[in-house]
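Q: Whatever this is, show me its structure:
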Amino acid sequence: MASVKDIDACLPQTQCAECDYPGCLPYAEAIASGQASIDKCPPGGTKTLHALANLLNVDPEPYVEEVKANTRVPQVAVIREDECIGCTKCIQACPVDAIIGSAKSMHSIIDHECTGCNLCVEPCPVDCIEMQTLPELGYNEATARKRFHARQARLLRQTQEKKQAYLNKRRISAESSDKKAEKKAKQDYILQALQRVKSKHE
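A: Down below sits the predicted model:
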């Protein structure tokens, strides 16, 4: 039985989600568990199909024609920089951190890191990103895999930090409310005691 790691090694690491999974590793996990077939990778084409078939001892012939029809050629994203408004939406969408820039500043594609996943095109509010075809892959698959996992780890860490910050804020708010309630209770007790003393002298 092939491991998830072995299956993932056959995939092109575009992280494009065209297989209906959020990255190559999740697709590999689905294949390993029998939940997905080996013909769901348009950027991988027949090369990936045959690699998976060979690894998993599966007949690729039933899939060949459909895979050929759906194969996507290598491509790279290009930002028309004079039209970029610096919204950062493309940066947030890139699964391998291949776009650099900051809010309200021009963004740029790191050509040799871009996997051509196409995920940055749709979020762009000014349509200043286009995909250009390449004669061959312009990125290193192993590097793309590392960048994808590094980004996933960073996003998870940020989510945990935000959750912790929220919990800390709630705790501080609760402690503040408790202190206010305690202070008010003491004030009420003193006022009631003064009222009792006053009542005795009337």
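
Q: average model confidence for the strand or helix carrying residue 170?
A: Taking DSSP states H and E as the criterion, residue 170 maps to helix 141-200. Averaging pLDDT along helix 141-200 gives 81.

Q: what helices or strands is it leaning on?
A: On a contact count with 3 or more Cβ pairs under 8 Å, 6 or more residues apart in numbering; DSSP states H and E, helix 141-200 meets helix 24-32. For every residue, glycine as well, the C-beta is placed using N, CA and C.

Q: still on that earlier bit, ok and the helix holding residue 170 relative to helix 24-32, angle-wise?
A: Helix 141-200 and helix 24-32 meet at an angle of 100 degrees, taking axes from the mean of the first three to the mean of the last three Cα atoms, to 10 degrees as the criterion.

Q: did I read that right, residue 77 in a strand?
A: Yes: counting by DSSP: H, G, I helix; E, B strand; the rest coil, residue 77 is located in a strand.

Q: In contact with it, which residues?
A: Applying Cβ atoms under 8 Å, 6 or more residues apart in numbering to residue 77 gives the contacts 98, 99, 109, 114, 116, 118, 120, 121, 129, 130, 131, 132.

Q: how far away is it from residue 114?
A: Per Cβ to Cβ, to the nearest Å, residue 77 is found 5 Å from residue 114.

Q: circling back: just the ones in strands from the contacts of residue 77, please.
A: Secondary structure defined by DSSP state E assigns 99, 109, 129, 130, 131, 132 of the contacts of residue 77 to strands.

Q: Which of these are buried, as a ChimeraX select command?
A: Buried subset of the ones in strands among the contacts of residue 77, written as a ChimeraX selection, criterion 16 or more other Cβ atoms under 10 Å:
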select :99,109,129,131
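
Q: What is the nearest of the ones in strands among the contacts of residue 77 to residue 45?
A: Among those, residue 131 lies closest to residue 45 (Cβ to Cβ), at 16.5 Å.
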